[in-house]
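> when you get a sec, could you give me coordinates for this:
(chains A, B, C and D)
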There are 2 protein chains.
Amino acid sequence: MQNTLESIKGIYPLKEVHLNLLLKELKEVELPKGHLIIRAGKLERSLYFIENGVARAYVDGKDNRITFWFGMEGDIILSYHSYINNTPGYESIELLENCRLYELKTEALETLYNTHTELANWGRKLAELILIKTEESYIGRLFKPAKERYIDLLQTDPLLIQRIPLGHIASYLGVTQVTLSRIRAEIK
Amino acid sequence: MQNTLESIKGIYPLKEVHLNLLLKELKEVELPKGHLIIRAGKLERSLYFIENGVARAYVDGKDNRITFWFGMEGDIILSYHSYINNTPGYESIELLENCRLYELKTEALETLYNTHTELANWGRKLAELILIKTEESYIGRLFKPAKERYIDLLQTDPLLIQRIPLGHIASYLGVTQVTLSRIRAEIK
DNA sequence: TTCATTTTTTAACATTTGTAAAAAGCCACG
DNA sequence: CGTGGCTTTTTACAAATGTTAAAAAATGAA
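Numbering: from 1, shown residues only, chains lettered A, B, ... in the order given. Sure thing, here's the model as predicted:
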């Protein structure tokens, strides 16, 4: 569980005791490519650390499906909306490869938060880190054209791109696949 | 400090003791319209509760300035990027009216987080609430056209719109002011 | 390899949005 | 009042992106 362990430690430094409290709650699961691990409209009671594999989160509009997140080794699969509000979320998360994950029930996590300051701060840090990532994606999208963001993506996640169909990447960049093809033809 | 108090309590229920620990750190400040309370590229060491007034956050691109957040009574002014990473942020926050604010030094907050589980959980809840708001804005922007989002804005924040120049709103919606004018002409 | 399926690119045309500049509307101040 | 400055709308044209459809290329299984 190398990737998961590093991910947990990387969020906020934990003493051995508290780390073990958290690890004790993890359960290994293996799931196939194509599996819908989070379903829009359904209350979700777990989060998952990605030990191996790739996933994407999407929302369905009236006549389109938009990918807004990709996750890989060391990332966390979580419907924050569902988790925080304790109501069904609007996003679905689909595994794009066969994955090995570590499941953590949000109820167990809540208990740990209320009983240990260190773990409450770990949880705070987790929310904060996801928040700034989300904010950066949001802001990047605001004022960078799709072409520039595609180039950014090529530089920051060259390996990720190779593991994901182009249609999903176009959706993620906010353009149609045709436009992404034009962009690729242009920068070649 | 009615608005600020409600804002703090609304984030996460606090016992009187812990609430007072937080309130003790607040300092009232009055600042004029046009004041830049957060500056891009500068390390910020405070956050502010808006007791009265309106503010906007923006980022500067190569040849444009984009507004991505509006705040009013009960909202919190905070460069999350600067606060979490302890590095200069990329956004500026400008007061659009004369404002009465309550300032809170992030250093004081950090100390409270490390000494009281309740306050650590308050901080976690704060990050989580801002996170889902950000995520909702992000996702809403992804699959709703500007016209639809303008109508949403009219419904959810009719008062806010009246307090803000149209140019900022166009920027917030991700279109030019000309396009927003066209939208307004169309839905009239 | 070969065939079938999926993914990606190309093309032609329609639509949307942007740009720049002018006109109209609004407001504060003398 | 009236003038000047600021905001908002309108116009005409240009550029970017979407739509639809088809061709080309890549992929994977037998």
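
> helix, strand, or coil at A:Ile93?
Following DSSP: H, G, I helix; E, B strand; the rest coil, A:Ile93 is assigned to strand.

> which ones are touching it?
Each residue near A:Ile93 by Cβ atoms under 8 Å, 6 or more residues apart in numbering or on different chains is listed here: A:36-38, A:55-58, A:69, A:77, A:79. All C-beta atoms are positioned from the backbone trio N, CA, C, and that covers glycine.

> again with A:Leu153
A:160-161, A:169, A:173.

> circling back: most neighbours, which of the contacts of A:Ile93?
Counting neighbours by other Cβ atoms under 10 Å in any protein chain shown, the top entry in the contacts of A:Ile93 is A:Ser79, with 26 neighbours.

> you'd agree that one is up against A:Gly89?
Yes. The pair formed by A:Ser79 and A:Gly89 meets the contact definition of Cβ atoms under 8 Å, at 3.9 Å.

> where do the contact lists of the two overlap?
Common neighbours of A:Ser79 and A:Gly89 (Cβ under 8 Å, 6+ apart) are A:38, A:44.

> as JSON lines, the contacts of A:Leu153 with pLDDT and secondary structure would be great.
Shown next, in JSON lines, are the contacts of A:Leu153 (pLDDT from 0 to 100; DSSP: H, G, I helix; E, B strand; the rest coil):
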{"residue": "A:Leu160", "pLDDT": "85", "secondary structure": "helix"}
{"residue": "A:Ile161", "pLDDT": "87", "secondary structure": "helix"}
{"residue": "A:Ile169", "pLDDT": "94", "secondary structure": "helix"}
{"residue": "A:Leu173", "pLDDT": "91", "secondary structure": "helix"}
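
> next, give me the two most distant ones among those residues.
A:Leu160 and A:Leu173 (13.1 Å; Cβ to Cβ).

> so the two - more neighbours on which side?
The residue with more neighbours, out of A:Leu160 and A:Leu173, is A:Leu173; 22 against 15, by other Cβ under 10 Å.

> residues in contact with A:Leu31?
A:37, A:95, A:98-99, A:101.

> need phi/psi at it.
With angles defined as degrees, to the nearest 10, A:Leu31 sits at phi -140, psi 150.

> show me what counts as buried in stretch A:19-34.
Under the neighbour-count criterion of 16 or more other Cβ atoms under 10 Å in any protein chain shown, stretch A:19-34 has A:19, A:21-22, A:26, A:31 buried.

> ignore the last one, stretch A:156-165
A:Ile164.

> what's it in contact with?
A:54, A:56, A:70, A:72, A:96-97, A:153-154, A:169.

> need the residues you listed in a markdown table with secondary structure, can you?
What follows is these, written out as a markdown table (three-state DSSP):
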| residue | secondary structure |
| --- | --- |
| A:Val54 | coil |
| A:Arg56 | strand |
| A:Phe70 | strand |
| A:Met72 | coil |
| A:Leu96 | coil |
| A:Glu97 | coil |
| A:Leu153 | helix |
| A:Leu154 | helix |
| A:Ile169 | helix |
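
> which of those residues are close to DNA strand C?
Among the contacts of stretch A:156-165, no residue lies close to DNA strand C (Cβ under 7 Å from any atom of the strand).

> need the max-distance pair from those residues.
A:Glu97 and A:Leu154 (20.2 Å).

> of those two, give the one with the bigger neighbour count.
A:Glu97 (16 against 13).
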